[in-house]
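> sequence-free structure coming up:
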């Protein structure tokens, strides 16, 4: 839970996007933070992916996934065109 909250605090302080009720909406895409589970979802689902561990915010490397998604959504990309995989 702590990692999720720390990431949300970082986004609040450093990004233009606003977190309301643990959600950020950008160009019809929603990133939802689940602090109790220390995970995030995109558009109420776990985005097409090979490994659900990408959504685990207790792993600090996954924080960069959220930041990249914020950037892609702000540039107009849709979650329908994004496939996450972990190498």
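Nice, thanks for sending it over. The model shown is predicted, which means the values in this text are computed figures rather than measured ones. Residues are numbered from 1 along each chain as shown.
> so, low pLDDT: which residues of this structure?
Applying pLDDT under 70 to the chain picks out residues 1, 15-17, 44-51, 86-87.
> please enumerate the strands of it.
Taking DSSP state E to define them, one finds strands in the chain at 23-26, 29-34, 39-42.
> can you put those strands in JSON lines and add distance to residue 10 and mean neighbour count?
Backbone N, C-alpha and C define where each C-beta goes, glycine included. JSON lines is the format used below for the strands of the chain (distance: least, CB to CB, whole Å; neighbours: other CB atoms under 10 Å):
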{"stretch": "strand 23-26", "distance to residue 10": "12", "mean neighbour count": "18"}
{"stretch": "strand 29-34", "distance to residue 10": "12", "mean neighbour count": "18"}
{"stretch": "strand 39-42", "distance to residue 10": "13", "mean neighbour count": "21"}
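> give the bridge partners for the residue lying closest to residue 74 once chain neighbours are set aside, please.
Excluding the flanking residues, the one nearest residue 74 by CB to CB, 6 or more residues apart in numbering is residue 26, at 5.5 Å. As for beta bridges, residue 26 partners with residue 29 under DSSP bridges.
> thought residue 26 was touching residue 70?
Yes: if you go by CB atoms under 8 Å, residue 26 and residue 70 touch, sitting 6.7 Å apart.
> that's all I had, so thanks and see you.
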